[in-house]
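Student: Here is my input; please provide its structure:
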Amino acid sequence: MKVRKAVIPAAGLGTRMLPATKTVPKEMLPLVDKPAIQYIIEEAVASGIEDILVVTNRAKSAMDDYFDYTPELEDVLIRGGKDSELEAIRHSADIANIFYVRQKETKGLGHAVWRAKRFVGDEPFAVLLGDDIMMGDVPVTKQLIDAAEKYDAAAVGVQKVSAEAISKYSSVKVSALEERIYKVSDMNEKPGPGQAFSEFAILGRYILTPDIFKILENTAPGYGGEIQLTDGLKTLCKTSPMVAVDFDARRYDTGNLQGFLEATIDFALKDPHVGDWLRVFLREKAL
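Tutor: Residues are numbered from 1 along each chain as shown. Prediction:
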C-alpha cells in the first residue's frame, strides 16, 4: 500500500472562531508566522505525500492565493535583498502539488471527503482535518501510513480522552494487535451516556481506501443531519480491515480559541527566533 495523495477538508464556516473568521478562513489564521493549514500540509509532505487536495468553499480563495507565486512581492524582496523572506514565501508555493475542489453545499465531513473521489481514483489516501494540528517527533500521518502498510488496512488516528469528553468525538471499538495499534471492529459518532465503545477517540487523521467512496454515496445523513464520515467508516471497518493507531504526538484543536492559543504558545516557544524571548515574557507576566 503506497499512499501518495492526501485530502484536507477545509470547507467549514469557522463559527467557533468568530468574529475573526467572518472574512478570514479559519485555516488561514496564523500560528506564529504561518497559517494553520501550512502545518497540515507540511505534515503530509513530511509523511511522503506528493499530491494534496484541499476541499474548500466559495469564501476561501485566500488559501489558493497563499500557496501560489506572488511576482510583485517577490520582486520587492529581491530588490531589497530580503533573501530569507523570499525563501519563506517561495517555500509555501513550492511545498507540494496542491489542488482544490469546492464543497458547494454544507453537507458534512463525509460529503467533503466524497468530493475527492475523482482526485483519489483507485488509490489509498490520507485525510487530515484542518482543525487538528499535531506536534510530535514523527509526523502523525506517517505513523498511520506505516501501520496501514504493515496490516494492509485502513487506519484511523486515536488517543484516549476522558469519559466526559468522548461525547464530542467518534468512539472506536478496538482489540489490541501490538503496542499502540489496535484492530477496529465498530465505532459511533458523538456517543451519548453509556454508548461509547471505548475512550479512544478518532482525532483528525485517517488513511482510507477508495472503497469508502461507494459507501459514502449510500450513507444517509446522520448526526446533525449531515453525512458523517464516521458512519461511512463504521461500514468500512465491518467489510475491510481497519486499524487504530494511538499516535505519539500532542494534538491541538485549533478550531476553538483555547486550542488555538495553546498551539500558538507552544509553537512559539519552539521557534528559534522568538522562543527565548517569549519564555522570559511569560514568566514576567505570570509573576
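Student: what element comes up after the strand or helix carrying Ala148 heading to the C-terminus?
Tutor: Here Ala148, judged by DSSP states H and E, is contained in helix 140-151. Toward the C-terminus, helix 140-151 is succeeded by strand 154-160 as the next helix or strand (DSSP H and E).
Student: Walk me through which strands that following strand pairs with, and which way each runs.
Tutor: The strands beside strand 154-160 in its sheet (DSSP bridges) come out as strand 200-208 (antiparallel), strand 242-246 (parallel).
Student: Tell me the buried residues in it?
Tutor: Ala154, Ala155, Val156, Gly157, Val158, Gln159 (16 or more other C-beta atoms under 10 Å). For every residue, glycine as well, the C-beta is placed using N, CA and C.
Student: just stretch 37-57 next, same as before
Tutor: Neighbour counts over stretch 37-57 (16+ other C-beta under 10 Å) mark 37-45, 47, 49, 51-57 as buried.
Student: Check stretch 125-145 too.
Tutor: Within stretch 125-145, the residues that qualify as buried by neighbour count (16+ other C-beta under 10 Å) are 125-134, 139-145.
Student: Over to stretch 115-127?
Tutor: When neighbours are counted by 16+ other C-beta under 10 Å, the buried residues of stretch 115-127 are found to be Arg115, Ala116, Phe119, Val120, Pro124, Phe125, Ala126, Val127.
Student: Just the buried positions in the helix ranked longest in the chain, please.
Tutor: Ranked by residue count and defined by DSSP state H, the top helix of the chain is helix 257-270. Residues of helix 257-270 classed as buried: Gly259, Phe260, Glu262, Ala263, Thr264, Asp266, Phe267, Ala268 (neighbour count, 16+ other C-beta under 10 Å).
Student: Turn the strands paired with strand 154-160 into TSV, columns for mean neighbour count and mean pLDDT.
Tutor: Putting the strands paired with strand 154-160 into TSV (neighbours: other C-beta atoms under 10 Å; pLDDT from 0 to 100) gives the following:
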stretch	mean neighbour count	mean pLDDT
strand 200-208	25	96
strand 242-246	23	97
